[in-house]
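J.: Pasting the sequence and the predicted coordinates here, then a few questions.
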Amino acid sequence: MVALDYAEAKQADSLVRSLEGIPCYLKVGMQLFYSAGPAFVQMLKEKGYNVFLDLKMHDIPNTVKGGAESITKLGVDMFNVHVAGGKQMMEAAMEGVDKALQATSGPKPIVIGVTQLTSTSQAVMNEEIGIEGTVEDAVIRYARLTQAAGLQGVVASPLEVVRLKETCGSGFVTVTPGIRPAGADIGDQSRVMTPVQAFAQGTDYIVIGRPITAAPDPRAALEAIIASVEGL
Ligand SMILES: O=C(O)c1cc(=O)[nH]c(=O)n1[C@@H]1O[C@H](COP(=O)(O)O)[C@@H](O)[C@H]1O
């Protein structure tokens, strides 16, 4: 999944064109969605791309239900909510999806819960966020709650994938950002692995932004990543 973290539709569109023909998911996050809006998402869907709309909803259940309904009507393939919003909020998201599908004939999106952000270290989680114990235990606890609420998977770091699959089953979808090819700048990420290591853990999807978008030749960067994991 390539993260289209750009300020304007024009820049994102130019990246998408440069990747034409390479099979990948495109992820639209807050920066692009807040500037380019639903029109950009609809354009990607019209061109046939799989789209992950990453808006990380976290609000009262009624508001998240409405948000999920609107997102589903856009026809995206995947979207996410913060598990920290609680089970009732996640169930409300699923109700919003069902409500939208009664009104439209679009695809049923995969809905996933954001556990602990990949930028969060154990020290930050313990001392600032106020959750005790290891990040892995916290992620597993949130994943159980996500599954109980009827969502299909979670966003986590690749470091937690093995235990996630053991706990929630191999069909429980794992989407893992915090991916850095060997030697790449980690930036603000904290829990990272290379693409090869992440797939070796058994993850379903890896999410990569800056190692592709900030590369001098983004197409070559993505092709090199795909070549490194082919046959795994
Ligand atoms: O939900 C996400 O996609 C997400 C969750 C998370 O825990 N960590 C995380 O980095 N992301 C997103 O994944 C992308 C990672 O980008 P890079 O760090 O540039 O590869 C960004 O668009 C983040 O918003």
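T.: Here it is on my side, so go on. Residues are numbered from 1 along each chain as shown.
J.: what about Ala92, neighbour count?
T.: 26 (other Cβ atoms under 10 Å). In short, each C-beta sits where N, CA and C put it, glycine included.
J.: Same question for the one 3 residues further on.
T.: Counted by other Cβ under 10 Å, the residues lying close to Glu95 total 16.
J.: So which bits of this structure are right by the ligand?
T.: By Cβ under 6 Å from any ligand atom, the residues of the chain that approach the ligand are 3, 5, 29, 54, 56, 80, 114, 117-118, 155, 177-178, 187, 189, 207-211.
J.: buried subset of these?
T.: 3, 5, 29, 54, 56, 80, 114, 117-118, 155, 177-178, 189, 207-211 (16 or more other Cβ atoms under 10 Å).
J.: Just the ones of those in strands?
T.: 3, 54, 56, 80, 114, 155 (DSSP state E).
J.: Quick one: those residues as CSV, columns for distance to Val64 and pLDDT too.
T.: Formatted as CSV, those follow (distance: Cβ to Cβ, whole Å; pLDDT from 0 to 100):
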residue, distance to Val64, pLDDT
Ala3, 22, 98
Asp54, 15, 98
Lys56, 11, 98
Asn80, 11, 98
Val114, 13, 99
Val155, 16, 98
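J.: Quick check: the farthest pair among those?
T.: Greatest spacing in these, by Cβ to Cβ: Ala3 and Val114 (14.0 Å).
J.: Identify the residue of the protein closest to the ligand, quick one.
T.: Gly209 (2.6 Å; Cβ to the nearest ligand atom).
J.: Just confirm that residue contacts Ala3, I think it does.
T.: Yes - Gly209 is within contact range of Ala3, at 3.4 Å (criterion: Cβ atoms under 8 Å).
J.: what sits in contact with each of the two?
T.: Jointly contacting Gly209 and Ala3 under the rule Cβ atoms under 8 Å, 6 or more residues apart in numbering are 27, 177.
J.: Now do the strands in the protein.
T.: For the chain, applying DSSP E gives strands covering 2-3, 26-28, 51-57, 78-82, 110-114, 153-155, 173-176, 205-206.
J.: Deepest-packed of those, please.
T.: strand 153-155 (a mean of 27; mean count of other Cβ atoms under 10 Å).
J.: next one: it to chain centre, how far?
T.: Once both centres are worked out by Cα atoms, centre = their mean, to the nearest Å, strand 153-155 turns out to sit 8 Å from its chain's centre.
J.: now swap in stretch 143-159 and tell me
T.: Worked out by Cα atoms, centre = their mean, stretch 143-159 lies 12 Å from the chain centre.
J.: Switch the strands of the chain over to JSON lines; also include distance to Lys99.
T.: Output for the strands of the chain, formatted as JSON lines (distance: least, Cβ to Cβ, whole Å):
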{"stretch": "strand 2-3", "distance to Lys99": "29"}
{"stretch": "strand 26-28", "distance to Lys99": "22"}
{"stretch": "strand 51-57", "distance to Lys99": "15"}
{"stretch": "strand 78-82", "distance to Lys99": "15"}
{"stretch": "strand 110-114", "distance to Lys99": "13"}
{"stretch": "strand 153-155", "distance to Lys99": "21"}
{"stretch": "strand 173-176", "distance to Lys99": "22"}
{"stretch": "strand 205-206", "distance to Lys99": "26"}
